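Visitor: 3D model of this:
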Amino acid sequence: MLSARLISKIYGTSRVLNDVSVDFRPGEVVAIVGENGAGKSTLLKVLAAIEPHSGGEAMLGDRAYAPRTQRDAERLGVALVFQELNVNRAVSVAENVMLGRLSDYGRLGFLNWKRLRADAQAILDRIGADFSATTDIACLDLGQIKTIEVARALATQPRFIFFDESTAFLNYGEARRLMAVIQELRSQGIGVAFVSHHLQEVFEIADRLVVLKDGALVGTYPAREMTEDRLYELMVGREFAGGLFPPKGDGNTSAIMLSVNGLTTAGGVGPIDLEVQSGEIVGIGGLKGSGGEAILGAISGSIKPTGGAIALCGGPFRPKSPQDAWRAGIATLPGDRTGEGIITGFSVVENLTLAARPKRGRVFSDRRRMRVLANEQVRSLGIKTQMLETTVGTLSGGNMQKVVLGKCLATAPQLLLLNNPTRGVDIGAKSEIYRVIRALAQKGMAVLMVTEDLPELLALSDRVIVTRNGTISRRFEAGVEMDEEEIVKWMM
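Guide: Predicted coordinates for the structure are as follows:
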């Protein structure tokens, strides 16, 4: 058993972990849950020796466990799969899987490529990867890149393996494979701990739940004795009387805001026909690459259609760039907030006004009006920041996501395009974002959302479109009963 007692971690004057005690047992899956900033990732990084602890101790079996480096922890049998993508795109898939162990395959300055590729392939096969050790890494998507990182951790032959938000960038199929891998690891006697904001994953696979809040341990609970509502309360510290999702609209939609007819794009997407009316949320569900993101890209001007027509407010709309879409009243929340949505080195006020920068004359920014506009979004979205000048990259994931949403809303759009709006966001921030989106729809905004989160798709959308292999495989109109099993059937 890996046993940690009274673990603390202090950054400057901030106590991120406050005397946390937790056990991990062989053949058991432990889910570590809590809001952004609760200390979940920090706890895993301390135990995997990525970060030094400020206090406390740990035991592995009957011996002290005190690794000084990540390699020390791996040699002792503890491996970590990071939340952040961490591959070297300049080398092969096989080399990335065995990164840190390449010297085992060298002799006289030469790599034994045959053995290296065979060993890497064996691990990829164990995960059920849909690519090989010889695939060009430049051709892989985010989910496949994350699969490489899981394989790299397994290459250390761990006794305990920690997953830090490892499904955040995976599509439905990839996440299902990872869940199957975790179950297999448990059956082989390996102890698993994982952090996830997808509570359906938590209840599906966890044996025990460790709940953290504000760096402190709330408690450890058998998963089978926990309910979702009770877990929400423990994580957030308040009762979710209305549930996670707000009530759906009353069906009082008005004019057609967006119309797409016969849309096709490169890569075999289309033809696509869809409409979004003012006052409704239309959700698009499907596996990654099935067409949803391409549809958003064509509407937002980031992808050039190869055929078909788009109409906005009844008139033809042919955006040549994302700037055209923003100027036409279309705001887009991208799927990768740090890569596309915000500039992490800029302040909160600068990010919130990126797309709607008030000017003083033709050249200079109006700093006073920028602050007024930013303060409106901070208040309406509940963005937690000490000051508007705070660097946005220092905020929690949930607050960074709110900044991206605030940047969109600062433009007062008619149509809001959402790409996985709560990816990597804690339960409290999710609830707040859902209520904001629903309130916008009730005020007449048209919302088109692509999401790989099935509960989000079902509970937030007024109508649902399912895509498969670049085309629409099924439509679910407002009021039609839907469940995850039915959606998945039309996705696969």
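
Visitor: alpha carbons only for contacts and neighbour counts from here, please
Guide: Will do.

Visitor: where do the helices of the stretch 301-450 of the chain begin and end?
Guide: 322-327, 348-352, 367-381, 397-409, 427-442 (DSSP state H, counting those that start in this stretch).

Visitor: roughly how far apart are residue 458 and residue 233?
Guide: 22 Å (C-alpha to C-alpha, to the nearest Å).

Visitor: between the two, which one's more packed in?
Guide: The residue with more neighbours, out of residue 458 and residue 233, is residue 458; 18 against 14, by other C-alpha atoms under 10 Å.

Visitor: these two touch, right, the more buried one and residue 481?
Guide: No. If you go by C-alpha atoms under 8 Å, residue 458 and residue 481 don't touch, sitting 9.6 Å apart.

Visitor: and residue 472, which helix or strand is it part of?
Guide: Residue 472 is part of strand 471-476, with elements assigned from DSSP states H and E.

Visitor: that strand: which residues count as buried?
Guide: 471-472, 474-476 (16 or more other C-alpha atoms under 10 Å).

Visitor: likewise stretch 261-271?
Guide: Result for stretch 261-271 [16+ other C-alpha under 10 Å]: buried residues 261, 263-265, 269-271.

Visitor: what's the answer for stretch 41-61, then?
Guide: By neighbour count on 16+ other C-alpha under 10 Å, the buried set for stretch 41-61 is 41-54, 57-58, 60.

Visitor: do stretch 313-330 as well
Guide: Quick answer for stretch 313-330 (16+ other C-alpha under 10 Å): 317-319, 322, 324-326, 328-330.

Visitor: report the distance from it to the chain centre.
Guide: 28 Å (C-alpha atoms, centre = their mean, to the nearest Å).

Visitor: repeat that for stretch 177-186.
Guide: 20 Å.

Visitor: same question, stretch 114-130
Guide: On C-alpha atoms, centre = their mean, the centre of stretch 114-130 falls 26 Å from the chain's centre.

Visitor: now stretch 453-463
Guide: For stretch 453-463, the separation from the chain centroid amounts to 16 Å (computed by C-alpha atoms, centre = their mean).

Visitor: give the rounded mean pLDDT of it.
Guide: Throughout stretch 453-463, pLDDT has a mean value of 91.

Visitor: state the distance from the closest residue to residue 428 other than its chain neighbours to residue 246.
Guide: What sits nearest to residue 428 in space, not counting adjacent residues and going by C-alpha to C-alpha, 6 or more residues apart in numbering, is residue 236, at 6.1 Å. Distance of residue 236 to residue 246, computed by C-alpha to C-alpha: 17 Å.

Visitor: same check, this time on residue 230
Guide: In terms of C-alpha to C-alpha, residue 230 sits 18 Å off from residue 246.

Visitor: and the two? Which one has more around it.
Guide: Set side by side, residue 230 and residue 246 show more neighbours around residue 246, with 17 against 12, by other C-alpha under 10 Å.

Visitor: which one is the more buried one nearest to, not counting chain neighbours?
Guide: residue 435 (5.8 Å).

Visitor: what is the neighbour count of the one you found?
Guide: Applying other C-alpha under 10 Å, we find 18 residues neighbouring residue 435.

Visitor: what sits against residue 117?
Guide: The neighbourhood of residue 117, defined by C-alpha atoms under 8 Å, 6 or more residues apart in numbering, consists of 94, 133-134.

Visitor: out of these, the closest to residue 8 would be?
Guide: For those, the residue nearest residue 8 by C-alpha to C-alpha is residue 94; the value is 37.3 Å.

Visitor: what's that closest one in contact with, if anything?
Guide: By C-alpha under 8 Å, 6+ apart, residue 94 lies in contact with 116-117, 120-121, 133-134.

Visitor: what's the end-to-end length of stretch 90-99?
Guide: End-to-end distance of stretch 90-99: 12 Å, with C-alpha to C-alpha as the criterion.

Visitor: stretch 341-355 too?
Guide: Stretch 341-355: ends 11 Å apart by C-alpha to C-alpha.

Visitor: ok, now stretch 325-340?
Guide: Rule used - C-alpha to C-alpha; the end-to-end distance of stretch 325-340 is 16 Å.

Visitor: what is the distance between it and the centre of its chain?
Guide: Stretch 325-340 has its C-alpha centroid displaced from the chain centroid by 17 Å (C-alpha atoms, centre = their mean).

Visitor: before we move on, back to that, from the contacts of residue 117, which land in helices?
Guide: Those of the contacts of residue 117 mapping onto helices are residue 94, per DSSP state H.

Visitor: tell me the one of the contacts of residue 117 nearest residue 490?
Guide: Distances from residue 490 to the contacts of residue 117, taken as C-alpha to C-alpha, are shortest for residue 133 (30.5 Å).

Visitor: wait, doesn't that closest one sit right on residue 96?
Guide: No. Taking C-alpha under 8 Å as the definition, residue 133 is not a contact partner of residue 96, at 9.3 Å.

Visitor: if I look at residue 173, how far off is residue 278?
Guide: Relative to residue 278, and taking C-alpha to C-alpha, residue 173 is found at 32 Å.

Visitor: and if you look at residue 210?
Guide: For residue 210, the distance to residue 278 - C-alpha to C-alpha - is 43 Å.

Visitor: with residue 451 instead?
Guide: 20 Å.

Visitor: again, but for residue 14
Guide: As judged by C-alpha to C-alpha, residue 14 and residue 278 stand 45 Å apart.

Visitor: neighbour count: those two, which is higher?
Guide: residue 278 (22 against 8).

Visitor: what residues are up against that one?
Guide: Contacts of residue 278 (C-alpha under 8 Å, 6+ apart): 253-257, 441, 444-447.

Visitor: turn those residues into a markdown table, columns for pLDDT, distance to residue 3 and neighbour count.
Guide: Converted to a markdown table, those look like this (pLDDT from 0 to 100; distance: C-alpha to C-alpha, whole Å; neighbours: other C-alpha atoms under 10 Å):
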| residue | pLDDT | distance to residue 3 | neighbour count |
| --- | --- | --- | --- |
| 253 | 64 | 56 | 18 |
| 254 | 72 | 59 | 13 |
| 255 | 90 | 60 | 13 |
| 256 | 93 | 59 | 16 |
| 257 | 94 | 57 | 21 |
| 441 | 93 | 49 | 22 |
| 444 | 91 | 54 | 18 |
| 445 | 94 | 51 | 23 |
| 446 | 95 | 51 | 28 |
| 447 | 96 | 47 | 28 |
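
Visitor: from those residues, pick the one nearest residue 289.
Guide: Distance to residue 289, by C-alpha to C-alpha, is smallest for residue 447 among the contacts of residue 278, at 20.8 Å.

Visitor: pretty sure that closest one contacts residue 417?
Guide: Yes. The criterion here is C-alpha under 8 Å, and residue 447 meets it with residue 417 at 6.0 Å.

Visitor: and the helices in the stretch 1-150 of the chain?
Guide: 40-47, 70-76, 93-97, 113-127, 142-154.

Visitor: what helix or strand does residue 254 sit in?
Guide: Going by DSSP H and E, residue 254 is not in any helix or strand.

Visitor: grab the nearest non-local neighbour of it.
Guide: Nearest non-adjacent residue to residue 254, counting by C-alpha to C-alpha, 6+ apart: residue 278, 5.5 Å away.

Visitor: what comes into contact with stretch 246-262?
Guide: By C-alpha under 8 Å, 6+ apart, the surrounding residues in contact with stretch 246-262 are 270-280, 307-314, 414-415, 434-435, 438, 441-442, 444, 446, 459-462, 478.
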